[in-house]
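Engineer: Model the following, please.
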Amino acid sequence: MSVKVIGGGLAGCEAAWQLARHGVHVDLYEMKAQRKTPAQHLYTLAELVCSNSLRSDRLSNAVGLLKAEMRKLGSLIMQVADATSVPAGGALAVDRISFSAGIDKAIREHPLITLHEEEVTEIPSEGTVIIASGPLTSDSLSDAIGCLPGLSTLHFYDAAAPIVTADSLDMDKVFCMSRYDRGADYLNCPMDRDTYLQFVHALQTAETVPVHGFEEKSVFEGCMPIESMAKRGDMAIAFGPLKPVGLKDPRTGKEPFAVVQLRRDNFSGSLYNIVGFQTRLTYPEQRRVFGMIPGLENAEFARLGVMHRNTFLNSPGFLDDTYRVIRQPRLYFAGQITGVEGYVESAASGLLVGLTVAWREQGKQPPHFSGKTAIGAMARYVSTPNKRFQPMNCAFGLIDALEIKPGEKRIRNKQERYEKISERALAELDAVIAQMEQESNA
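Structural biologist: Residues are numbered from 1 along each chain as shown. Sure thing, here's the model as predicted:
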């Protein structure tokens with residue numbers, strides 16, 4: 001009997017891939033061919049609906065460590081992301097169309113994966129099931145999930161930033177540079193104080209799209225709409241996405257008062273994402289207000305920003321640290337619906353679930369990932385009792401601290417300390433992988 005995976009996003013595709021590469025047949029279900037959600041634009045699997053960035057690739061950053069762990073564990077998502085990357089300074093960003101197409105091709109061509117392009121409205125009553133339907137789970141499936149014993153579902157709101165065409169930008173007003181001289185992978189739109197304040201005041205008074213049930217407190221902080229941030233005070237976004245730190249305009253030799261950054265969205269550099277500009281402004285207002293940004297006066301928008309509701313489970317006490325439903329062990333969840341937040345975190349949860357289920361399906365004890373690893377720390381977070389449970393990005397605060405032996409001093413330098421945590425995590429992961437290989441060959 002095959003394992004059923006519901007959802008063809010990052011987590012579902014990664015789970016299906018891990019199952020198949022370990023010899024388990026998979027039936028993968030994805031509804032996009034029949035019905036898209038408001039945030040989706042492509043028909044291929046593993047679509048990146050918000051940013052095209054998978055964030056930092058450095059081991060001094062927790063998500064950089066998580067990506068390194070995933071690479072060691074044979075992640076499909078990381079393999080394709082690395083193959084479709086575009087310049088983004090110290091971050092890993094991808095050509096979103098090529099990335100999705102690469103995942104789609106790998107899944108469709110694997111002989112042990114059968115793709116069903118249809119909507120699932122009920123949880124299958126038999127066999128092992130992995131639900132990776134994501135934060136945009138359909139109403140019917142959400143209702144079915146909500147009926148599971150011991151569960152309450154929660155919601156928050158998410159938003160996507162606009163994308164502009166490169167040839168519509170006024171390059172006489174824009175300069176190329178990454179922060180702290182880490183290449184020239186970003187376009188920067190500099191603002192003086194007066195221009196910045198005029199822009200902020202326009203943001204604060206612009207018309208927004210009414211979203212049913214929307215409240216500021218129900219928006220994930222990492223995807224706060226730019227206009228909501230602006231309403232916190234005139235200088236709020238100057239210390240947020242528009243901070244000029246590490247950027248000097250080569251034409252003046254000085255740091256601008258504020259900077260709007262544009263990140264390449266595809267291989268050819270014909271499209272750019274406005275960094276940090278998630279929004280729920282009306283479409284006409286997006287064109288008007290964002291047209292006040294120097295260099296974007298005549299910008300053509302390939303995609304305007306959009307806001308949508310995300311669904312996540314109240315996972316603590318409902319899922320264990322392998323993302324398995326405690327009361328119904330044949331059921332697993334993976335991805336953002338579990339309360340992990342971010343593309344990489346979602347894919348990592350799918351990887352852990354796929355490996356775990358593959359080993360259990362073959363009668364073996366699955367590998368254990370401790371809290372010393374990023375992948376294990378994320379699973380521990382969603383399964384540990386927490387009265388104020390909220391979606392969470394990977395962070396070093398979730399990972400076990402370094403042990404301090406008698407006579408040793410705590411490493412004060414934060415970057416050095418984080419790199420040491422990463423070294424320990426990867427060493428532990430190497431030992432887990434070696435044990436997995438030994439048991440596979442036994």
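
Engineer: quick one, strands of the stretch 201-350 of the chain?
Structural biologist: Taking DSSP state E, counting those that start in this stretch as the criterion, the stretch 201-350 of the chain carries its strands at 258-264, 271-274, 301-303, 306-313, 331-333.

Engineer: So which other helices or strands are in contact with the least confident helix or strand in the chain by mean pLDDT?
Structural biologist: Within the chain, judged by mean pLDDT, DSSP states H and E, the helix or strand with the poorest mean is strand 153-160; its value is a mean of 72. For strand 153-160, the elements it packs on are helix 139-146, strand 306-313, judged by 3 or more Cβ pairs under 8 Å, 6 or more residues apart in numbering; DSSP states H and E. Just so you know, the C-beta spots here come from the backbone N, C-alpha and C atoms, and that holds for glycine as well.

Engineer: Flag every buried residue along the first one.
Structural biologist: Right, helix 139-146. For helix 139-146, a neighbour-count test (16 or more other Cβ atoms under 10 Å) marks 141-142, 144-145 as buried.

Engineer: CSV for the residues you listed, including distance to residue 103?
Structural biologist: Below are the buried residues of helix 139-146 laid out as CSV (distance: Cβ to Cβ, whole Å):
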residue, distance to residue 103
141, 22
142, 24
144, 26
145, 24
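
Engineer: Could you identify the least confident member of those?
Structural biologist: Least confident of those in the model: residue 142, at 86.

Engineer: Who does the residue lying closest to that one once chain neighbours are set aside form a beta bridge with?
Structural biologist: Distance criterion Cβ to Cβ, 6 or more residues apart in numbering; nearest residue to residue 142, sequence neighbours excluded, is residue 311 at 5.9 Å. With DSSP bridges applied, residue 311 shows beta-bridge pairing to residue 155.

Engineer: hmm, back to that, least confident of the strands of the stretch 201-350 of the chain, on average?
Structural biologist: Among the strands of the stretch 201-350 of the chain, strand 306-313 scores lowest, with a mean of 78.

Engineer: picking up where we left off before, okay, now the residue nearest to residue 142: neighbour count?
Structural biologist: 21 (other Cβ atoms under 10 Å).

Engineer: from what I can see residue 166 touches residue 273, true?
Structural biologist: No - counting by Cβ atoms under 8 Å, residue 166 does not reach residue 273; the two are 11.3 Å apart.

Engineer: about what we covered before: now do the least confident helix or strand of the chain and helix 139-146, the angle between them.
Structural biologist: With axes from the mean of the first three to the mean of the last three Cα atoms, to 10 degrees as the basis, strand 153-160 and helix 139-146 are set at 140 degrees to each other.

Engineer: Which elements pack onto the next helix or strand after strand 153-160?
Structural biologist: Heading C-terminal from strand 153-160, the first helix or strand you meet, by DSSP states H and E, is strand 163-165. Applying 3+ Cβ pairs under 8 Å, 6+ apart, we find strand 163-165 packed against strand 271-274, strand 301-303.

Engineer: Return the most buried member of those strands.
Structural biologist: strand 271-274 (a mean of 25; mean count of other Cβ atoms under 10 Å).

Engineer: Might you report the residue contacts of residue 73?
Structural biologist: 351, 355, 375, 429, 433 (Cβ atoms under 8 Å, 6 or more residues apart in numbering).

Engineer: Show me the shaky parts of the chain.
Structural biologist: Within the chain, the segments meeting pLDDT under 70 span 33-34, 36-40, 154-155, 211-222, 442.

Engineer: could you pull out the helices for it?
Structural biologist: 10-21, 62-72, 76-83, 96-109, 139-146, 193-205, 226-230, 283-290, 343-361, 374-383, 414-441 (DSSP state H).

Engineer: and residue 251, which of those is closest to it?
Structural biologist: Of all the helices of the chain, helix 193-205 sits nearest to residue 251, with 15.4 Å by Cβ to Cβ.

Engineer: can you give me how far the closest one is from the chain middle?
Structural biologist: 30 Å (Cα atoms, centre = their mean, to the nearest Å).

Engineer: Give me the contact list for it.
Structural biologist: 191, 226-227, 230-231, 234, 237-238, 242, 257-258, 288-289, 292-294.

Engineer: May I see the ChimeraX selection of the buried members of the residues you listed?
Structural biologist: In ChimeraX, this line selects whichever of the contacts of helix 193-205 come out buried by 16+ other Cβ under 10 Å:
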select :191,226,227,230,237,238,242,257,258,289,292,293,294
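
Engineer: Which one of the contacts of helix 193-205 is nearest to residue 359?
Structural biologist: The nearest member of those to residue 359, counting by Cβ to Cβ, is residue 226 at 44.4 Å.

Engineer: how about that closest one, what does it touch?
Structural biologist: 203, 237, 241, 276-279 are the contacts of residue 226 under Cβ under 8 Å, 6+ apart.

Engineer: Test my guess that residue 170 contacts residue 189.
Structural biologist: No - with contact defined as Cβ under 8 Å, residue 170 does not reach residue 189; the gap is 9.2 Å.

Engineer: quick one: which of the two has more around it?
Structural biologist: Using other Cβ under 10 Å, the more surrounded residue of residue 170 and residue 189 is residue 189, with 22 against 13.

Engineer: thought the more buried one was touching residue 294?
Structural biologist: Yes - with contact defined as Cβ under 8 Å, residue 189 and residue 294 form a contacting pair (5.0 Å).

Engineer: what residues do the two have in common as contacts?
Structural biologist: Shared contacts of residue 189 and residue 294 (Cβ under 8 Å, 6+ apart): 173-174.

Engineer: buried sites along stretch 293-313?
Structural biologist: For stretch 293-313, burial by neighbour count (16+ other Cβ under 10 Å) applies to 293-296, 299, 301-302, 304-313.

Engineer: again but with stretch 16-29, I slipped
Structural biologist: Buried-residue list, stretch 16-29, by 16+ other Cβ under 10 Å: 16-22, 24, 26-29.

Engineer: Export those as JSON lines, with columns for distance to residue 65.
Structural biologist: JSON lines is the format used below for the buried residues of stretch 16-29 (distance: Cβ to Cβ, whole Å):
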{"residue": "16", "distance to residue 65": "25"}
{"residue": "17", "distance to residue 65": "21"}
{"residue": "18", "distance to residue 65": "19"}
{"residue": "19", "distance to residue 65": "25"}
{"residue": "20", "distance to residue 65": "26"}
{"residue": "21", "distance to residue 65": "23"}
{"residue": "22", "distance to residue 65": "24"}
{"residue": "24", "distance to residue 65": "28"}
{"residue": "26", "distance to residue 65": "28"}
{"residue": "27", "distance to residue 65": "33"}
{"residue": "28", "distance to residue 65": "28"}
{"residue": "29", "distance to residue 65": "32"}
